[in-house]
Structure formats: structure tokens, C-alpha cells
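**Student:** 3D model of this:
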Amino acid sequence: MSNKLLIPLVLTTLATALIGCGEGEDAIFGSSNNELEINSFERVNNNIARIEIEYNDGERDIDLTNIKGSFDLASINNLPVSTVLANDFEGTLEDRYIEVDNRTVTRPIYAKNTNERFDYQITYRTLDLSNKDASSYQKGNRPIDDRGIKTDLNNYTNIPSNISFPSGSVCYVPVTDSDLSFFVFNDKNKTGYSTLNDWIEANEKRFGSNQSSRTDIVNIGVNNNDRAAQVKFFATNQRIEYNYYGTEFERNIFDADFVAKDQTSPNEDSFRGVIDCTLVNDTAADFLEREIRTAY
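**Tutor:** As a prediction, the model looks like this:
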């Protein structure tokens with residue numbers, strides 16, 4: 001096990017590809033200058049829900065609509081404040097002071113007990129889903145051979161495969177840009193592990209001996225008194241690469257997300273990878289909700 005982790009880390013490398021649209025096309029895709037709504041669908045066992053995240057200048061709102069069964073709201077990470085840890089840094093990411101500029105959402109991160117701040121941005125690149133159906137995604141013999149546009153038509157397979165998205169349907173692919181590489185988590189990410197080493201040991205066993213892995217640990221937080229870990233599983237012919245992040249903070253162990261400094265340019269060729277199109281606009285979400293209700 002390595003005892004040193006160099007920031008920035010590599011984010012989870014699900015083979016996402018991306019086709020962006022011109023900045024002058026906002027009217028086509030229904031976004032306004034200071035408001036953006038992103039929809040997704042979640043399923044746990046037989047419970048299915050639609051999740052709507054709306055960004056406005058100054059706030060983020062999350063709404064849940066049950067489609068089948070009763071989805072557990074506790075599983076949705078809707079807390080308004082998260083802790084941010086980085087190299088010699090502790091701060092908060094909050095659902096306030098948000099700025100929305102077309103499809104770019106800027107969220108400030110404030111250092112603990114100071115006025116220091118840095119910006120974390122997500123720009124949602126767009127892809128027209130009009131007339132796309134389940135065949136737009138082609139699964140290969142190996143994960144690296146998968147191609148095309150993967151939508152919830154592929155995830156909810158009871159929906160007939162010949163049904164396609166209506167005109168005006170759009171998917172959003174997030175591209176992050178941050179002034180600082182950081183780990184982020186909140187109370188909903190708290191685990192039952194006693195130590196970070198226990199968390200590491202459990203995560204290293206996710207795939208048994210079927211996928212080689214590497215574990216790295218870094219000191220973070222104020223005076224670098226806290227710790228974080230990455231368990232990285234390398235890609236195989238059967239599986240893509242996976243990364244899992246955990247932090248040890250105030251005597252608790254949390255699952256975490258990691259955001260790397262600086263924007264990573266996405267692949268824009270759908271013939272060379274998979275476009276993850278499971279974040280969609282209202283038109284596509286309304287269509288999916290109707291089809292899921294009918295099929296399930």
C-alpha cells in the first residue's frame with residue numbers, strides 16, 4: 001500500500017464521451033440565464049423516483065417524485081452544507097451564494113473561520129436526444145468496446161426498445177472546473193467504520209482478486225491533520241476502472257467524492273466511447289417518467 005497520494009487524483013474513468021452544443025443555442029434547449037434544472041432517475045430495489053435539481057442564483061432545490069413504490073428520501077444527498085477538505089484546507093460547500101450563467105453553475109467554497117473562498121464550477125454540456133432510442137448505445141464484448149449514447153432507455157429495459165425520445169429532449173454532461181483539488185462529503189456519507197484502515201480494507205475487497213487495485217492515502221485538512229484515501233481498481237476486459245474515496249474527519253469515517261483541480265477536456269467522439277446521458281432536461285424527463293410508469 002502506498003502511503004502518499006499526489007493531488008490531483010484521477011476521477012472515476014467511466015468511459016464518458018461528450019458532444020457539446022454551441023453557447024448560442026440555449027433557446028433551443030430551454031435554459032434561461034439564471035436558472036437550470038437537471039433531472040435524473042433513481043432505482044433502489046423496486047422503488048423508482050424522479051429527482052429534480054434546480055439551480056437558481058443563490059440556491060439549489062431538490063424535489064423527489066415517486067414513480068413506483070416509496071423511494072427513501074434519506075438516500076438522496078440533499079443536505080445544504082457539505083465539508084470540503086484539501087491540502088492544508090478545511091471549508092464548506094453550501095446551497096447558497098450560487099451563481100447560474102446559462103449552463104454554468106458556480107458554487108463558492110468558504111474556508112473555515114476566514115473570508116477565504118475559491119470557486120467550484122460545473123458546466124453542463126448538452127446533447128440533443130431527439131429521436132434517440134435504446135439502440136443508440138451499443139455494448140461491446142469488453143467495456144472498452146462500448147460505444148454510443150447510453151440513456152435511461154438502456155437502464156430501464158422494460159421500456160420497449162423501439163421507443164425514442166421526443167423532439168426537444170436534451171441530456172446534460174457535467175464538466176467540472178475548480179480552483180483547488182478537494183474531497184467533499186456530509187453527514188449522509190457517514191459510514192459505520194471505526195477507522196480509515198477499516199474502510200480501506202472493506203473497499204479493497206469489492207472485487208475480490210478479480211480486479212487489481214492500488215490504495216493511496218493523503219494527509220489533508222487544516223495543518224493536514226486529517227486523512228483521505230483512494231482505492232483504485234484498474235480496468236480489465238470485463239470491467240471499467242473504478243475509484244472509491246474515503247475520509248477520516250472528527251473521529252468519523254465518510255465516503256467522499258473527489259474533484260480535481262482544473263477542467264478536463266471531454267472526448268467529443270461518440271464512436272470512441274460512451275456518452276452518459278442520464279442527466280436530462282424536463283422534456284426528456286417527462287417522456288421517461290411516462291414510459292417508466294407504463295412499463296413498471
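
**Student:** so Q238 is in contact with P143, correct?
**Tutor:** Yes - if you go by C-beta atoms under 8 Å, Q238 and P143 touch, sitting 7.2 Å apart. No exception for glycine: its C-beta is placed from N, CA and C like everyone else's.

**Student:** neighbour count: the two, which is higher?
**Tutor:** P143 (17 against 11; other C-beta atoms under 10 Å).

**Student:** for the nearest residue to that one once chain neighbours are set aside, what is the enclosing helix or strand?
**Tutor:** With sequence-adjacent residues excluded and distances taken as C-beta to C-beta, 6 or more residues apart in numbering, P143 is closest to I240, at 4.4 Å. Counting by DSSP states H and E, no helix or strand carries I240.

**Student:** show me the residue at the heart of this protein, geometrically.
**Tutor:** Closest to where the C-alpha atoms of the chain average out (C-alpha atoms, centre = their mean) is P174, at 7.9 Å.

**Student:** thought Y120 was touching that one, still the case?
**Tutor:** No - using C-beta under 8 Å, P174 is not in contact with Y120, being 11.6 Å away.

**Student:** for this protein, what's the longest strand?
**Tutor:** strand 117-128 (DSSP state E).

**Student:** right, and the helix or strand after that one?
**Tutor:** Moving toward the C-terminus from strand 117-128, the next helix or strand (DSSP H and E) is strand 137-138.

**Student:** which strands and helices sit next to whichever helix or strand comes after that next one?
**Tutor:** Counting by DSSP H and E, the element after strand 137-138 in chain order, helix or strand, is strand 147-150. Applying 3 or more C-beta pairs under 8 Å, 6 or more residues apart in numbering; DSSP states H and E, one finds that strand 147-150 contacts strand 137-138, strand 274-276.

**Student:** which residues are in contact with strand 147-150?
**Tutor:** Residues outside strand 147-150 that contact it (C-beta atoms under 8 Å, 6 or more residues apart in numbering) are 127, 129, 132, 136-138, 140, 171, 270-278.

**Student:** just checking: what are the partner strands of it?
**Tutor:** Sheet pairing of strand 147-150 (DSSP bridges) gives strand 137-138 (antiparallel), strand 274-276 (parallel).

**Student:** circling back to that earlier point, wasn't the residue nearest to the centre of the chain part of a strand?
**Tutor:** Yes - with DSSP: H, G, I helix; E, B strand; the rest coil as the criterion, P174 is located in a strand.

**Student:** give me the beta-bridge partners of it?
**Tutor:** Counting by DSSP bridges, P174 is bridged to Y124.

**Student:** do you know how far it is from T236?
**Tutor:** P174 sits 26 Å away from T236, going by C-beta to C-beta, to the nearest Å.

**Student:** which residues in the stretch 51-200 of the chain form strands?
**Tutor:** Along the stretch 51-200 of the chain, counting by DSSP state E, counting those that start in this stretch, strands occupy 59-68, 81-86, 89-94, 99-101, 104-111, 117-128, 137-138, 147-150, 170-178, 182-185.

**Student:** winner for burial among those strands?
**Tutor:** Of all the strands of the stretch 51-200 of the chain, strand 182-185 carries the top mean neighbour count, a mean of 26, counting by mean count of other C-beta atoms under 10 Å.

**Student:** neighbouring contacts of it?
**Tutor:** With contact meaning C-beta under 8 Å, 6+ apart, strand 182-185 is reached by 82-86, 89, 93, 109, 120, 220, 228, 245, 247, 249, 254-259.

**Student:** and it, how far out from the chain middle?
**Tutor:** 13 Å (C-alpha atoms, centre = their mean, to the nearest Å).

**Student:** just checking: what are the partner strands of it?
**Tutor:** For strand 182-185, pairing defined by DSSP bridges yields strand 81-86 (antiparallel), strand 252-259 (antiparallel).

**Student:** of all those, which one is nearest I48?
**Tutor:** Proximity to I48 (C-beta to C-beta) singles out strand 252-259 among the strands paired with strand 182-185, at 23.2 Å.
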